[in-house]
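In: My questions are about this predicted structure, shown below with the sequence.
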Amino acid sequence: MILVSSCLVGLGCRFDATDKKTEEVLTYLKDKEWMPVCPEQMGGLATPRDPAEIRRERVVTKDGKDVTAQFIRGADEVARLARLVGATEAILKSRSPSCGSGHIYDGTFSKVLIEGDGLTARALKKMGLTVKSEENL
């Protein structure tokens, strides 16, 4: 079973209520068992919502609101779901404070990337899942 960021398969769940449907992801998933997940929605955040980035281990919106608890809740829910369905792999949206794997934005909302993982990517890696992005299938 593969967990995949809902936005990558065409669901408008991103902070701005859009998707990032990616044909390469859909092709990769063809003939495989997979399940869409949106950690931010699963953590209780609305769509649309203010953009957020990780800043010094806290997740904050552009206007400074701390949404770390919702991001942790979402990561925990996705991890719980991964255990329930026996997931071994996840394809998560690059650069996201939830799903980013390898690189995330630096918390200044200036599109500067740093090395790091989003909270959900961290949780799934800790569980031993293979975590990829749409950029490194």
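Out: Nice, I can see it. Residues are numbered from 1 along each chain as shown.
In: how long is stretch 97-104 from one end to the other?
Out: Looking at stretch 97-104, the gap from its leading to its trailing residue is 6 Å under the measure Cα to Cα, to the nearest Å.
In: Numbering from 55 from now on, please.
Out: Sounds good: first residue 55 from here, last item stretch 151-158.
In: from the middle of its chain, how far away would that stretch be?
Out: In terms of Cα atoms, centre = their mean, to the nearest Å, the centre of stretch 151-158 is set 7 Å apart from its chain centre.
In: can you list the residues that contact that stretch?
Out: Outside of stretch 151-158, the residues within contact range by Cβ atoms under 8 Å, 6 or more residues apart in numbering are 59, 93-94, 97, 106-108, 113, 125, 128-129, 146-150, 159, 167-175, 179, 185-187, 190. Backbone N, C-alpha and C define where each C-beta goes, glycine included.
In: Rounded mean pLDDT for that stretch, please.
Out: Here stretch 151-158 scores 97 as its mean pLDDT.
In: The most centrally placed residue in the chain and residue 86: what is the separation?
Out: Among the residues of the chain, residue 153 comes closest to the average C-alpha position under Cα atoms, centre = their mean, at 2.3 Å. With distances taken as Cβ to Cβ, to the nearest Å, residue 153 is found 19 Å from residue 86.
In: Mind jotting down where the strands sit in the chain?
Out: With DSSP state E as the definition, the chain shows strands at residue ranges 56-59, 88-91, 106-109, 112-115, 143-146, 157-159, 167-169, 184-187.
In: And for the residue nearest to the centre of the chain, nearest residue in space, chain neighbours not counted?
Out: Counting by Cβ to Cβ, 6 or more residues apart in numbering, the nearest residue to residue 153 once its immediate chain neighbours are dropped is residue 146, at 3.5 Å.
In: From what I see, that neighbour and residue 190 are in contact.
Out: No. Between residue 146 and residue 190 no contact is recorded; they are 10.7 Å apart, counting by Cβ atoms under 8 Å.
In: The two: which is more packed in?
Out: Taking neighbours as other Cβ atoms under 10 Å, residue 146 and residue 190 compare with residue 146 leading, 27 against 10.
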